[in-house]
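Trainee: Sequence plus the predicted model coming up.
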Number of protein chains: 2
Amino acid sequence: MANDDLLRQTIEKFWDTIPPVWGRVRGNVRCNATHDFNLTLIQFHILRHIWHGVRSVGELAEEQQISRPAVSQIVQILVEKGLVIRQTDAHDRRYVHLEITQSAAELLEAVYGKNRRWMAEKMASLNEEQLKTIQAAMEMLKKTFDPAAD
Amino acid sequence: MANDDLLRQTIEKFWDTIPPVWGRVRGNVRCNATHDFNLTLIQFHILRHIWHGVRSVGELAEEQQISRPAVSQIVQILVEKGLVIRQTDAHDRRYVHLEITQSAAELLEAVYGKNRRWMAEKMASLNEEQLKTIQAAMEMLKKTFDPAAD
DNA sequence: CTTAATAGTTAATTTACTTAACTATAAGCT
DNA sequence: AGCTTATAGTTAAGTAAATTAACTATTAAG
C-alpha cells in the first residue's frame, strides 16, 4: 500500500519533531518554574495534573509513567510547600484525594501563563489555517495514543 | 483579534497532547531499549543523534539540554559497549568526532524499527488526509521551535 | 474471620545529573 | 614571539532523582 510509506514518513517526522520541540518547551517551563518558584518540571506536571482533575497518587504515577513512591515523594514536597492538600476519602479510607491550594492555582497560572506567552510569541507568525491544522493533529495524536484505548 | 483565542486554544491542546503522547512513545522505546539491549532512553537518544549527524559532545549537550559532562559520561558508556567510536579532529585537536559502529546501526534499527511498528499499529486507523495533517503540523512545529531561528 | 488485594507511604539503594576543577589545544593580543 | 583568554572535552565529587522492596492501613473475597 502507498499508505504504508506515508505512515512511515509521518512517524519519522514525529521523531524528528517532538523530541526537540518538547525539549525546548520543557526547557522554557523548567526555566520559569525553577527561576521564579523553585519548582522542578515534574513537580509542575504533577501540580498541573491535580489541577486538571487527576486526584490520586496511583493515577498520577500511571499518567506520568513513573513509580508511585516517586509521585508520593513529589506530592509530599508539594504539601510541604503549601501547594497541595491531602484528604482521605470518607467512603474508602485507603484513597487520598489530592487538591491544589489557592496559592498553587496562582503559581500555576503564573508559570503556565509565562510559557503560554513565550509559545504564543514563537507561534505568532502562524495563520488561522495553520493553527487549525496543528489543533487537528494534536486531537488525532491524543486519541491515537490514549492509554484508555488499549 | 480572533486569532488570539485560536492561538491560545492551540497551545492548550499542545499541552494536553504532547506530554502524555510523548510519555507513551518514550515508554515504549525505553521498554524496547531496556529489555532488548540494556540501553537507557537517553543513551538511545544520544546514539540516534550521532547517527543523524550530531557528532560532538557539545552539540549533543545543547540538543538534549543536559550538561556536557553528562553527555561525556553517556558517550563513554556507549564507547565501552562498542556502539560509538571517538576520533580526534586532525585540524583542531580539541574536537572529538563521534561515529556509530556497525553494530550500533543494527541495534538502532532494531529498537527504532520495533517502536515504528508499534506506532504504525496504533496509527493504522488514520487515513491519508489525517496522516498528511499530522505531517504538516510536525513540519510547522519543527520550524516554529527551531533553536536556529532565535 | 482469615486470606488476598489495593492505595499509599517509608526506607534503602541505585542511577543519573550537576557543578567544579583540570587537561589539552587553539585563538587573540601587545 | 610569548602571555592571556577561550574552547572542547573529561574527570571527580557531590547532589538529586527515581527505583525496588518492605511496610501500614483499609477493603474485598472466599
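Mentor: Everything's here; your move.
Trainee: use CA for all of it now, contacts and neighbours both
Mentor: Fine.
Trainee: Run through the helices of chain A in chain order.
Mentor: A:2-37, A:41-51, A:57-64, A:68-80, A:102-122, A:128-144 (DSSP state H).
Trainee: Would you mark the buried spots in the first one?
Mentor: Yep, that's helix A:2-37 we're talking about. Neighbour-count burial for helix A:2-37 flags A:6-8, A:10-11, A:13-14, A:17-26, A:28-33 (criterion: 16 or more other Cα atoms under 10 Å in any protein chain shown).
Trainee: center of chain A - which residue?
Mentor: A:H45 (4.9 Å; Cα atoms, centre = their mean).
Trainee: Out of the helices of chain A, which gets nearest to DNA strand D?
Mentor: helix A:68-80 (3.7 Å; Cα to the nearest atom of the strand).
Trainee: the inter-axis angle of the closest one versus helix A:102-122?
Mentor: Between helix A:68-80 and helix A:102-122, the angle comes out at 110 degrees (axes from the mean of the first three to the mean of the last three Cα atoms, to 10 degrees).
Trainee: low pLDDT regions in chain A?
Mentor: A:1-2, A:148-150 (pLDDT under 70).
Trainee: For chain A, what lies in contact range of DNA strand D?
Mentor: A:40, A:42, A:65-70, A:74, A:90-94 (Cα under 7 Å from any atom of the strand).
Trainee: Quick check: the two most widely separated of those residues?
Mentor: A:T40 and A:H91 (33.6 Å; Cα to Cα).
Trainee: Those two - which one has more neighbours?
Mentor: For A:T40 versus A:H91, the count of surrounding residues by other Cα atoms under 10 Å in any protein chain shown is larger for A:T40: 16 against 7.
Trainee: what's near enough to touch that one?
Mentor: By Cα atoms under 8 Å, 6 or more residues apart in numbering or on different chains, the contact list for A:T40 reads A:R30, A:A33, A:T34.
Trainee: Look up phi and psi at it.
Mentor: Note on A:T40: backbone dihedrals following degrees, to the nearest 10 are phi -80, psi 170.
Trainee: now it: how far from DNA strand C?
Mentor: As for A:T40, its distance to DNA strand C is 12 Å (criterion: Cα to the nearest atom of the strand, to the nearest Å).
Trainee: what's the distance between that residue and A:N28?
Mentor: 12 Å (Cα to Cα, to the nearest Å).
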